[in-house]
Every structure is written in C-alpha cells, then in structure tokens.
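K.L.:
pasting the structure only:
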C-alpha cells in the first residue's frame, strides 16, 4: 500500500514510522522546513536553545517518555523550588508551596471549583464525549458560565481565569464546558494538568522538545519532503491524488495530521461531507505568544524565588515559569500571553511586547528583572502552518452537534493530530497516540 | 482604479454596481454558474420556481424593496390566514392567530422571554457590538444558557428552540448571547424577525428572490466571470494579484463578498494578520435543509389552515410555511430542517428525507398531505460555495475577542457580505448594505 502522511509533527511522524515498519510505501509531506509542528525548538546563540512551542511532559504520558528514551535523549525536572509570585488586584505577593496567598474564602472557593470540575470530568466518555451523561446540557454552556456560577470572589476568579487560560490558551468564554471536562479527564484530571510535580509540567527534554522528533525523522529522512504544502486531495475509485504547490502524487490512502481548522482549508474533490466541513468551521485554535527573557543566570533562585508568576488581567502575561536550561548555564523566565490578553499584542512588534514584559517582570521581581541579555517571543497565531496553539478548542455545540466527525475517515482520508486523541488531547502524548491510531486504521484495511 | 469583486451574491453585485457607476474598471468573479449566492431560485417544471435559499423580505428593508422596484419586479404578501399547527409533546394542536394553544404559564413565559431579549437587545451597539454595555459577560455565555435560566416549562422551551433555530439555523448552544441580541436589534427586534405580517417574513418576490440579482447582473453582464474560483490573493506595494483556477488578474483593490469562513480558506500572501485569521476560525455557518412539498393546489387553505407548523424535536422539521406561488397555480408547503435536527439528515438521501417529511406532514395535516406531486430539498451545508446558511453565527467570545476584524480592510482587501452589516445582518438587506459600504470604502480611497 502507498500512503502519504501530511504534517511531520509528532502525530504524522508516528504514523509514518508505524507504516514504514509494517512494510508499506510511505511519503511524509511537511509544509515547513523542519519537523515537530507545534513543537519547535529554536537554537539560539552559544549552544543554547529555546522551546518556542510545546515543551513539557509528565507522568502517564508513556509514549513520549518511551520515545525520548528510545531516541537516546533524557528528561530533566522543571525547577520548582522557592516562592511564587501572585500579582493580583494591583498587589504583588509571594507565597511558598501550592497555596497562593489569598483570603481564605477565595482559597476554599478555588479548591471547591477545581474539585467540582474534576468530579464532573470523571463522568465523561473520552472516546465519545457526546455520549457522556448530560452531554447536551454540558455542551450548551461555556466554561465561563460554569465559573460565573461557581466562583464567588474576584480574586478566585482572576486566578481561575489565569489558570484556565494557561491550560487552554483560550478564554473560558470560548470553551464548551463539555470540552473542558473532556480535556481534564483526557489528561487524567485538572489537578494533573495544572501541576508541575506529578503533573503535566513535571519534565522537560534535554536539548529541547523537538529533539525526539528530529531523531525519529532522521531514521526515515528519505521519506520526508519538506516545503511541500498540501493543496488538494482528489479521491477516485482507485486511489487518491495529493496535489502540492509544485506537483502531485498518487496514493492509496492519506493521513492528514495537521490542525483540523487548517485541514478545512484544503481543496477536496469530491468535497468533504457537509458534516465534516461544518465541523471544520468549529475547531478554532487557541491564541498564545510564548515570551522569553534570558539572563546570564537564574538570579531569582538565589533570592529564594521559583520564577513562577500567576497574574491577573492588569498584566499582559498570565503565567511565568523558570525555563532555564538543565545545565544552569543561563537563567530563563518564560511567560505565556494567552487568549484575550494575547490578542491586542498580536499587532504589536516584538520590541513593543518586550517592553510590556519587562515592565511586568520589574513589577513582579524588582529592577534585576529588567537586566536581561535577550528577549524574544513567538506568536503561534502568526505561524502559517499552525495559526494558533496549543490546540483546537471546541466551542459549545461542536461535540454534540458533530460527534465523531473529527476523527472518522472520509473515504481514503484518515485524520490524525492531537485533537483526535481521547487520551492527553492537546499534548505531545495525544499527538503520538493519534498517529498510532491512524496508522492502525490504515493497516487494518490491508 | 481597477477593482475585482469576489462573489456575485447581493453584496458583490451591489458593490460592483456602485463601482461601475463611479466610473471604475470592475470585474466580478463568481465561482458558481449563476448570481445570487445564498439566494437561489430554481426553475421547476411548467414555469414554476422554488426559492431554495433566502426568500423573504419585510418592512424597513429599504434597499431590497427599492431594488425590486427598480428592476421592474413585484412583491406579494405571504399567505398568513387560517389556523396554525403546533406539534408538541406528541400532540398535534391547531390554533388561530399569533398565540399558540399552550398552557397559560408557558404562554406567559414565552412572552416574557421574548420581551426580555428585545429589552436587552436595545442596549447593543450595532456598529461595535463589543462596546455594548456588559458586552464581555453577554459574550461569555450562549443563548442556550440564557434560555435555561429564563424559560421554565418544557413546552415553552420547545417552542422557543424551534423559533430560535428558525431564526439562526443553529442551535442556541452555538450562539453567543451577545450575538443573538445584536442580531435581533440588527433586524429591528426579535418580534420583527419572527413575524410574518409587519415582520421579516412579510413579502416574497414574484418570480423568486434571485430575480432582482439576475436583472441587476444583466446590466453589467460583460463584467461578470462565472465558474471562476478565487484561489489566492497576493498583495504587493503596487497592487494585488488575484489567482483563480485558470489564471490570474491584477487589480488595485479587491472586495471579498463571500461567507467569512470560506474567505478564511483562500491562500493569502502576505498571510492575513493573526487576528483576521483566527477570527476566520470562529465564524461557522448555520445548518439548514430547505424542504419542498408541491401539491396541485393549496388544499390546506380550503380546510381553514395556514400551512404553518411549529414542531418540537420529535420531528425532523422545526417550521413549515405556505410557500405557494403568487398565482395560486400550485400548493407548496416549505419546511426548514435546522441545526441539530438537520445534521443527522445530511447523510441521508433526498428520498429518505422526503419520507421523513411526508410522515411528519401526514401527522400534522392528515393523509392528504402525503399526496404530493413532488418533493425536493436543498442542503446548504452541501453547497461548495456556501457550506451552510443562512449566515455566520458568532460563537461566544468572537465579537469581544476579535472586535472589528470581521469588516476591517486588510491592506488592499475589503470585506463585504451580510455578516459585515450592522443593519439586517444575515438578510438580503444586510448583504446589499454591506456591498454599498465596501464600495464606499474603496471609493473613499480615490
């Protein structure tokens, strides 16, 4: 069988690998000049690197840990010691441990809401979210509506919004409550998604999160065609013709492993079903600008600070993390500007954004934070072949209105990508699992 | 100035007309073989016709009434006499006038909810919905959430859902409350949108709603290029190159007058801004199948029936209307299958859908309803160059997250289409007004 795989992110690479191992003829088309997709490690000066896209892995993400090991790479723990900063209501406070320095009522409320979400999430049918108990009602409201009802103080709401936006890269207003619950259970629990230790932010990959993708791709480099953009998919009785910007190629099957909203922009003949097409209109990507401040050393550690910040909407950045390299040769603070805080920043220059970030860091940490060596950031909504990150965020009505359309094959077309994974949806792990599933679909045919 | 207009619906035709009248060089590209876009009058046998798309006009829609007159065409009143059918909770009831036969509490509740929505709608800023008082909160919830809170009986909710779905062609779960209120005020009020007499369904156009478009187009037929699909928009310092499937053409400006979700599928160089691109991911089209049952005569009129039906979700169709021709030469019942009732029907054949409609009509009207001459329907989600109707439905967060991005020019690109109109958004009138506005934008430049 001849199979063409579209998109050399972790999903496409995984599918390609399994199909090659099964003895099939496989070509992998990648629109960019690199593999990794939304996982993008950029080399900066002096052997340093920066993960401009997805970067963290954590317990139960078995596939990516296994791949890291198989590729001869190593992980290291995220720095998580010292006091955190909470920038709330115009005040900068520091606190130790998991519990922010807030009034007791807000703290109890936060704990209650997170637990309630996790309790509701337990009932979700991960394989078929639309068949979950009460799915129609849960999918008829936004996560914001749930928070409006359950969060009772301004402080708790600000922290909750910053946390949810850091998880989804979208405002709670855009997210179906059903999808939020699905997403939480998909990654074990909200608690797991939020945490560093024993959570989704526990580990990083030495050399950058693109490393395992690069090394896997090197094994079948001759199968990969870079700078090749899929333009059209033409199916007939005997096969499928894939058209790119400079030519075309025949195959028996195609696996499309790119964000579903971008898959919706390709020309299909025959046209995709109305169901699939209309679903493609309802799978928007989140909005995130990942911001890096690089210092000669991690000076905050010496001050007993973790580098972690949670900030309310007075600030351009929801959350900061210590993103220094494993060898401690530099100090790196990495911040996420997300959702409606990121959107006004999209039209600004990197220099303007840098000034906003500098002002924020000085407010949070004092003047030392202004003395960086380098600032850079990466806006994923500006990336032509992603047009947003971390992943598609299902709006109300999409899961219950279109059900299996996200992953159901359309003739000779199979769909992969982290959005199609019931487990660790939105994460590297979900991408890998989706690639395995799509390859198995194709292999099951023949 | 040379301007290329994309899409020969009422918006594109109107823009073209004004630009030609102002003495500019204009080409109008249309992907289909006809003008009219989502307004589509099909000729059937014996000089009969059927409006398979938009068809109604009503008071305050000044532009379309003026155009009908200018083109030498006439309107006629929608048949609105006799008893209506309410199919609710497994029972078929008939009632005269505007007030359905329901328990008093449900009736009072319905009246209360409609008035409350109209009261809230009064505060909306039509030009800039995101600046309306309380916009962020209104845009953080779905219309369904509002109805969950305000509608207290199952009967009232069923009628309200059928009414809202008939207005939006989308489930209340998918619609931002802010958008629903904007839409209501845009068309005067919900009451206006719902009503036949003095409302948005008051009149039809003799010969079909595509007639004025056809006659307007005939005035500048040499400017129109049919079967020409826009594939790419390449801007540079001196102009813009528009690429279609068989060639390309230069212009100074382009007006894109197609649904925004489809505009998002075109290739742009330089790429559209992140803001515009991400908006394009959040403007899904409604789901509607328009179903026609044609009889030798309007037999229901003789039985004192209006032909109008409102039905709950036990049925595949939300609402039926008497859509007989002006001369009474045939009897036509036209029904809308919409939103989540339409979606399971998308995968069925027209014959299967016809059987479902026949069974429903027999239940509502008795055996005579099964004796039709002809059944046909039209699924707009299946139309390659619309991919849904009536219009884009803004999900929660889109208006407040992306603000003016729907209509703000992008370099040499100007946007038209009913979705960009503050007045009669979603209607023919809004399309015409958007074409006027886009033409004025371009004319204002020169």
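P.N.:
Yep, it's here. Computed from a predicted structure; not experimentally measured. Residues are numbered from 1 along each chain as shown, chains lettered A, B, ... in the order given.

K.L.:
Could you identify the helix or strand that succeeds the strand or helix carrying residue A:278?
P.N.:
Per DSSP states H and E: residue A:278 is located in helix A:274-280. The helix or strand immediately downstream of helix A:274-280 is strand A:288-295, counting by DSSP H and E.

K.L.:
Quick check: what element follows that following strand along the chain?
P.N.:
With elements assigned by DSSP H and E, the helix or strand that comes after strand A:288-295 is helix A:299-302.

K.L.:
Show me how far that next one is from its chain's centre.
P.N.:
Offset of helix A:299-302 from its chain centre (CA atoms, centre = their mean, to the nearest Å): 29 Å.

K.L.:
again with stretch A:158-172
P.N.:
Remark: stretch A:158-172 is offset 13 Å from the chain centroid, using CA atoms, centre = their mean.

K.L.:
buried set for that stretch?
P.N.:
Within stretch A:158-172, the residues scored as buried using 16 or more other CB atoms under 10 Å in any protein chain shown are A:158-172. For the C-beta atoms, the positions are set from N, CA and C on the backbone; glycine is no exception.

K.L.:
Give me the helices and strands touching the helix holding residue A:278, please.
P.N.:
Packing contacts for helix A:274-280, counted by 3 or more CB pairs under 8 Å, 6 or more residues apart in numbering or on different chains; DSSP states H and E, involve helix A:260-263, helix A:398-402.

K.L.:
Name the surrounding residues that touch it.
P.N.:
Contacts to helix A:274-280, defined as CB atoms under 8 Å, 6 or more residues apart in numbering or on different chains, come from residues A:260-261, A:263-264, A:271-272, A:398, A:402, A:405-406, A:408, A:410, B:284-285, B:287, B:343, B:346-347, B:379, B:381-382, B:387-388.

K.L.:
try 6 Å this time
P.N.:
Contact with helix A:274-280 is made by A:264, A:402, A:405, A:410, B:346, B:381, B:382, B:387, B:388, as judged by CB atoms under 6 Å, 6 or more residues apart in numbering or on different chains.

K.L.:
Kindly report the same for stretch A:197-210.
P.N.:
A:36, A:39, A:41, A:49, A:51, A:54-59, A:68, A:73-78, A:80, A:187, A:192-193, A:196, A:211, A:326.

K.L.:
residue contacts, residue A:58?
P.N.:
By CB under 6 Å, 6+ apart, residue A:58 lies in contact with A:199, A:200, A:202.

K.L.:
If we use 7 Å, what do you get?
P.N.:
Shown in contact with residue A:58 (CB atoms under 7 Å, 6 or more residues apart in numbering or on different chains): A:199, A:200, A:201, A:202, A:203.

K.L.:
Let me know the closest of these to residue B:181.
P.N.:
Residue B:181 has its nearest neighbour among the contacts of residue A:58 in residue A:200, at 38.2 Å by CB to CB.

K.L.:
Okay, and which of the contacts of helix A:274-280 map to helices?
P.N.:
The helices, defined by DSSP state H, take in residue A:402 from the contacts of helix A:274-280.

K.L.:
For the contacts of helix A:274-280, which single residue is the most surrounded?
P.N.:
For the contacts of helix A:274-280, the largest number of neighbours (other CB atoms under 10 Å in any protein chain shown) sits with residue B:388, at 27 neighbours.

K.L.:
how close does that residue get to chain A?
P.N.:
For residue B:388, the distance to chain A equals 6 Å [CB to the nearest CB, to the nearest Å].

K.L.:
Need the pLDDT of residue A:446.
P.N.:
Listed pLDDT for residue A:446 reads 58.

K.L.:
quick one, what contacts the residue lying closest to residue A:61 once chain neighbours are set aside?
P.N.:
Using CB to CB, 6 or more residues apart in numbering or on different chains and skipping residues adjacent in sequence, the residue nearest residue A:61 is residue A:429, 3.8 Å away. Counting by CB under 7 Å, 6+ apart, residue A:429 touches A:61, A:63, A:64.

K.L.:
hey, where'd the strands end up in the stretch 101-250 of chain A?
P.N.:
A:203-205, A:224-225, A:230-235, A:240-244, A:247-251 (DSSP state E, counting those that start in this stretch).

K.L.:
tell me the most buried of the ones you listed?
P.N.:
Ranked by mean neighbour count, the strands of the stretch 101-250 of chain A are led by strand A:203-205 with a mean of 23 (mean count of other CB atoms under 10 Å in any protein chain shown).

K.L.:
What number of residues are in the vicinity of residue A:228?
P.N.:
Residue A:228 has 22 neighbours, counted by other CB under 10 Å.

K.L.:
and which of the contacts of residue A:58 is nearest to chain B?
P.N.:
Nearest to chain B out of these is residue A:200 (CB to the nearest CB; 24.2 Å).

K.L.:
how much space is there between the closest one and residue B:174?
P.N.:
Applying CB to CB, to the nearest Å, the value for residue A:200 to residue B:174 is 30 Å.

K.L.:
higher neighbour count, those two?
P.N.:
Ranked by neighbour count (other CB under 10 Å), residue A:200 and residue B:174 place residue B:174 first, with 30 against 24.

K.L.:
near chain B, which residues of the stretch 151-300 of chain A show up?
P.N.:
For the stretch 151-300 of chain A, the contact set with chain B under CB under 7 Å from any CB of the partner chain comprises A:171, A:173-174, A:261, A:264-265, A:271, A:273-275, A:277-278, A:281-282, A:284-285, A:287.

K.L.:
List only buried entries from those residues.
P.N.:
Here, 16+ other CB under 10 Å leaves A:171, A:173-174, A:261, A:264-265, A:273-275, A:277-278, A:281-282, A:284-285, A:287 buried among these.

K.L.:
For residue A:320, list the residues it contacts.
P.N.:
Residue A:320 neighbours (CB under 7 Å, 6+ apart): A:307, A:308, A:309, A:333, A:334, A:335.

K.L.:
no wait, residue A:297
P.N.:
For residue A:297, the contacting residues are residue A:331, by CB under 7 Å, 6+ apart.

K.L.:
again, but for residue A:28
P.N.:
A:5, A:8, A:12, A:16, A:223, A:224, A:225.

K.L.:
number of nearby residues for the residue lying closest to residue A:30 once chain neighbours are set aside?
P.N.:
Excluding its sequence neighbours, the residue lying closest to residue A:30 (CB to CB, 6+ apart) is residue A:8, at 3.8 Å. The number of residues packed near residue A:8 is 28, by other CB under 10 Å.

K.L.:
that's a helix at residue A:8, yeah?
P.N.:
No: looking at residue A:8 with DSSP: H, G, I helix; E, B strand; the rest coil, it is coil, so not inside a helix.

K.L.:
Surely it touches residue A:223?
P.N.:
No: judged on CB atoms under 7 Å, residue A:8 makes no contact with residue A:223 at a distance of 9.9 Å.

K.L.:
ok so, going back, and the buried residues of stretch A:158-172, which is closest to residue A:25?
P.N.:
If you rank the buried residues of stretch A:158-172 by distance to residue A:25 using CB to CB, residue A:169 comes first, at 37.4 Å.

K.L.:
follow-up on the earlier one: any idea how far the helix holding residue A:278 is from the chain center?
P.N.:
23 Å.

K.L.:
Output the helices and strands packed on helix A:274-280 in JSON lines, with mean pLDDT and distance to residue B:235 appended to each entry.
P.N.:
Converted to JSON lines, those look like this (pLDDT from 0 to 100; distance: least, CB to CB, whole Å):
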{"stretch": "helix A:260-263", "mean pLDDT": "98", "distance to residue B:235": "21"}
{"stretch": "helix A:398-402", "mean pLDDT": "98", "distance to residue B:235": "33"}
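
K.L.:
who touches residue A:48 in this structure?
P.N.:
By CB under 7 Å, 6+ apart, the neighbours of residue A:48 are A:325, A:330.

K.L.:
and it, how far is that from chain B?
P.N.:
27 Å.
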